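Trainee: sequence and computational prediction follow.
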Amino acid sequence: MRPTPLLATGALMGAFMGAFMGALVAASPCLAAPQTAYSDCGADDLDRRIAGCTLIIDGRGETERNRGTAYVRRGQAWRQKGDLNHAIADFTSAIGLGPAYSSAYALRGSAWYAKGELDHAISDYDQAIRSNPNSAFAHHMRGLAMIDKQDLDRAFADFTDAIRINPKDIQAYDDRGLILLRRGEPDRAIDDFTTAIAIDPSPTFDLDGRRIDLYVDRGSVLSDKGELDRAIADFDQAVGLDPKDVAAYSNRGLAWLGKSDNDRAIADFSEAIRLAPTFTVNYYRRGIVRYDNYMHAAALVDANDLVQAIADFGEVIRLEPNDADAYYARGVAYETNGDHDHAIADITEAFDLRPDSQKLIEALRRLKPDADPEDPGPGGLKGFLERH
């Protein structure tokens, strides 16, 4: 599941931008930009669009309509190139031309949002909604900002308004479903994901090039509810739509683990690692499955499972040196492997990171009965271990 949805869908942005995508009308031939500039300013190629729009903006005698449209189109090109400051400047220039360009507030808000400037973004969305209460784009984008502000009630209301205005806004259903999930209403969340899937069974990419993960989101809820076969079917759909969907492989791996199909779980976690080698959770999950394989071997025990589990937990620690869970898991694996000293060292590191954990205190007391993790003396627990 996405931690935080990023931006509205390309389709939604496209519908919003429709007002600015009409044909530009050349100004007086003696004062206007070159004729090619008008077609270039609407080009898909971003550099070509920027160059064409710049000629129109700088041209003497251009109509206000042409200049306003050129500012908006160039601002969008800067936004897509990741140059948010230039994008904000262009949207501001469009806004300065008067009420006819008040919808550019929502576009400027999306650039502020991408910069992490939530208050500026919300202020612009508020102004866009005052100017046009039926702007689904502005409601949707303000909802995303409200999620980041941890105001889930206002986010929910904005997504609901976006859906009312544009009943085919599949990402609004997805984002509202994620809020319902956080509010402890999984069945209503599934309803929203299912409605979105019915509208578009093959969801498109959002503005930042990320697939809208409706199947992953619904599958994750189904998995949490114990409906593992339905969950796996959704993750299969997600992988079919995007064979590079890391979340789909990772969550399907968890579902296979829930069905005690460890081989398939390891295969999915391994593929997720191949696609995103710095995403530590999949090393941790694969390590847990490998450890489980070793501990539950019916007959011939393969020590390689335990060695590989230790390696997986070690990779988590290499990437995230402050991951207490990984230190603990590797310490337990070391203990199982008979490596007492490394077990104590790892669980001590975990305890230093999480000194209030009763689980870690009990583990250390088991491994080092003469040490009291809660009162180790001078130098802390490490000092005690060095002295003993």
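Mentor: Now that the structure is in, tell me what you want to look at. Just so it is clear, the structure is predicted and the values come from calculations on it, not from any experiment. Numbers count the residues shown, from 1 in each chain.
Trainee: where's Pro201, which helix or strand?
Mentor: Remark: Pro201 resides in no helix or strand, with elements defined by DSSP states H and E.
Trainee: what's the neighbour count on it?
Mentor: Counted with other C-beta atoms under 10 Å, the neighbours of Pro201 add up to 11. (Each C-beta comes from the backbone N, C-alpha and C, glycine too.)
Trainee: and it, how far from Lys115?
Mentor: 34 Å (C-beta to C-beta, to the nearest Å).
Trainee: kindly report the same for Glu227.
Mentor: Between Glu227 and Lys115 the distance is 40 Å, computed by C-beta to C-beta.
Trainee: before we move on, what about Arg354?
Mentor: Arg354 sits 34 Å away from Lys115, going by C-beta to C-beta.
Trainee: repeat for Ser270
Mentor: Separation of Ser270 from Lys115 (C-beta to C-beta): 37 Å.
Trainee: with Ala329 instead?
Mentor: From Ala329 to Lys115 the distance is 38 Å (C-beta to C-beta).
Trainee: and those two? which has more neighbours close in?
Mentor: More crowded of Ala329 and Lys115, by other C-beta under 10 Å: Ala329, with 24 against 14.
Trainee: just the element for Leu306, please.
Mentor: Per DSSP H and E, Leu306 falls inside helix 303-319.
Trainee: can you point out the buried residues in the next helix or strand along the chain from that helix?
Mentor: The helix or strand immediately downstream of helix 303-319 is helix 324-336, counting by DSSP H and E. Of all the residues in helix 324-336, those buried under the rule 16 or more other C-beta atoms under 10 Å are 324-335.
Trainee: picking that back up, distance between the helix holding Leu306 and the chain's centre?
Mentor: 27 Å (C-alpha atoms, centre = their mean, to the nearest Å).
Trainee: and it, what does it pack against?
Mentor: Where contact means 3 or more C-beta pairs under 8 Å, 6 or more residues apart in numbering; DSSP states H and E, helix 303-319 is packed against helix 280-295, helix 324-336.
Trainee: show residues contacting that helix.
Mentor: Contacts to helix 303-319, defined as C-beta atoms under 8 Å, 6 or more residues apart in numbering, come from residues 278, 280, 283-284, 286-288, 290-291, 293-294, 297, 323, 326-327, 329-330, 333-334, 336-337.
Trainee: name the SS class of Pro277, please.
Mentor: At Pro277 the chain is in coil, as set by DSSP: H, G, I helix; E, B strand; the rest coil.
Trainee: number of nearby residues for it?
Mentor: Counted with other C-beta under 10 Å, Pro277 comes out at 12.
Trainee: check what pLDDT it gets.
Mentor: Looking at Pro277, its pLDDT reads 97.
Trainee: look up how far Pro243 lies from it.
Mentor: To Pro243, Pro277 is 17 Å away according to C-beta to C-beta.
Trainee: Ala121 now?
Mentor: Ala121 sits 34 Å away from Pro243, going by C-beta to C-beta.
Trainee: one step back: tell me which of the helices and strands packed on helix 303-319 lies nearest to Arg65.
Mentor: Nearest to Arg65 among those is helix 280-295; the distance by C-beta to C-beta comes to 51.2 Å.
Trainee: any buried residues in the closest one, and which?
Mentor: Neighbour-count burial for helix 280-295, with 16+ other C-beta under 10 Å as criterion, is recorded at 280-294.
Trainee: just stretch 44-54 next, same as before
Mentor: Buried-residue list, stretch 44-54, by 16+ other C-beta under 10 Å: 46, 48-54.
Trainee: which residues sit against that stretch?
Mentor: Under the contact criterion C-beta under 8 Å, 6+ apart, stretch 44-54 has outside partners 33, 36-43, 70-71, 73-74, 77-78, 80-81.
Trainee: are any of the residues you listed buried, and if so which?
Mentor: The neighbour-count criterion (16+ other C-beta under 10 Å) marks 33, 37-38, 40-43, 70-71, 73-74, 77-78 among the contacts of stretch 44-54 as buried.
Trainee: and which of the residues you listed is nearest Leu178?
Mentor: Closest to Leu178, out of all of the buried ones among the contacts of stretch 44-54 and judged by C-beta to C-beta, is Trp78, at 29.4 Å.
Trainee: pretty sure that closest one is in a helix, no?
Mentor: Yes. Under three-state DSSP, Trp78 falls within a helix.
Trainee: show me the contacts for it.
Mentor: When contacts are counted by C-beta under 8 Å, 6+ apart, Trp78 touches 50, 84, 86-87, 90.
Trainee: could you redo the last one with a cut-off of 10 Å?
Mentor: 46, 49-50, 53, 84-91, 111 (C-beta atoms under 10 Å, 6 or more residues apart in numbering).
Trainee: once you drop chain neighbours, what's closest to Phe313?
Mentor: Arg330 (3.7 Å; C-beta to C-beta, 6 or more residues apart in numbering).
Trainee: could I get the contacting residues of the one you found?
Mentor: 287, 291, 309-314, 316-317, 323, 342-343, 345-347, 349-350.
Trainee: helices or strands next to the host helix or strand of Trp256 in the packing?
Mentor: Assigned by DSSP H and E, Trp256 belongs to helix 246-258. Applying 3 or more C-beta pairs under 10 Å, 6 or more residues apart in numbering; DSSP states H and E, we find helix 246-258 packed against helix 214-224, helix 228-241, helix 262-275, helix 280-295.
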